[in-house]
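Peer 1: show me how the following folds:
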Amino acid sequence: MIYIFLATGFEDIEALAPVDIIRRAGLKVQTVSITGERVVESAHGVGIVSDLLLHDVDFSEAEMLVLPGGLPGSTNLDTCQPLTQAIARHFEAGGAIAAICAAPLVFGHLGLLQGRRATCYPGIEPELKGAICTSAIVERDENIITGKGPGAAFEFGYTIVEFFRGKGVSQVLREGMIYQELVHNS
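Peer 2: Numbering: from 1, shown residues only. A predicted model of the protein is given here:
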């Protein structure tokens, strides 16, 4: 199971585009509210009904933990100790993690990016303790995927699919969603 964690102030497209892409690939993904309420308000005032509440998550089923960015969403994720403790345990056990925009700061604060390539929203780099910061749209370093910001949301989702299903499935999705055409024509 892939879990995407929603905190008040999450960046809409960074959560929902990956959910859409991951589900199109036939992977199991659920959104998880860390607020204690099923409806979580995005950075742009959109209420999204999550699939689960944090206390309902079975982390033993987790294949990847995903953090959308946005502010104050990222800082809200970072201050949620039950979540950060679960992320640390999951990663220490060899589990995969992904974060986009400002959310990689959570991994940086946990020390999970030490010596790893990572990208983030410009200006967040000092929070990525020990990371080798790049300016890539999406960066994958073994079992860590990071994305730069809202414009990277589709590429971030495709990279998650590629992690689980390979380049072929990711490429089919890109073509079917007219993404390749968009990228080649820009």
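
Peer 1: return the helix or strand in this structure with minimum mean pLDDT.
Peer 2: Of all helical and strand segments in the chain, the minimum by mean pLDDT, DSSP states H and E falls on helix 179-185, at a mean of 71.

Peer 1: which residues touch the nearest residue to Asp58 once chain neighbours are set aside?
Peer 2: Distances taken as Cβ to Cβ, 6 or more residues apart in numbering put Met1 closest to Asp58, at 7.8 Å, once the chain neighbours are dropped. In short, each C-beta sits where N, CA and C put it, glycine included. Listed by Cβ atoms under 8 Å, 6 or more residues apart in numbering, the contact partners of Met1 are Lys28, Val29, Gln30, Asp58, Glu61, Ala62, Glu63.

Peer 1: could those residues be laid out in CSV, adding distance to Phe91, pLDDT and neighbour count?
Peer 2: Listed next are those as CSV, based on distance: Cβ to Cβ, whole Å; pLDDT from 0 to 100; neighbours: other Cβ atoms under 10 Å:
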residue, distance to Phe91, pLDDT, neighbour count
Lys28, 20, 98, 11
Val29, 19, 98, 21
Gln30, 19, 98, 15
Asp58, 17, 95, 9
Glu61, 16, 96, 11
Ala62, 11, 98, 19
Glu63, 13, 98, 15
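
Peer 1: please identify which of the residues you listed is nearest to Gly151.
Peer 2: Val29 (21.3 Å; Cβ to Cβ).

Peer 1: dihedrals phi and psi, that closest one?
Peer 2: Dihedral pair for Val29: phi -140, psi 140, per degrees, to the nearest 10.

Peer 1: ok, now Gly130?
Peer 2: phi 80, psi 0.

Peer 1: repeat that for Arg24.
Peer 2: According to degrees, to the nearest 10, Arg24 has phi -60, psi -30.

Peer 1: and it, how far from Glu61?
Peer 2: Applying Cβ to Cβ, to the nearest Å, the value for Arg24 to Glu61 is 21 Å.

Peer 1: helices of the protein, residue ranges please.
Peer 2: Using DSSP state H, the helices found in the chain span residues 12-24, 73-78, 81-92, 104-109, 153-165, 167-176, 179-185.

Peer 1: nearest to Val39, out of these?
Peer 2: When these are compared for distance to Val39 using Cβ to Cβ, the nearest one is helix 12-24, at 13.5 Å.

Peer 1: tell me what the closest one is packed against?
Peer 2: strand 2-6, strand 29-33, strand 47-49, helix 153-165, helix 167-176 (3 or more Cβ pairs under 8 Å, 6 or more residues apart in numbering; DSSP states H and E).
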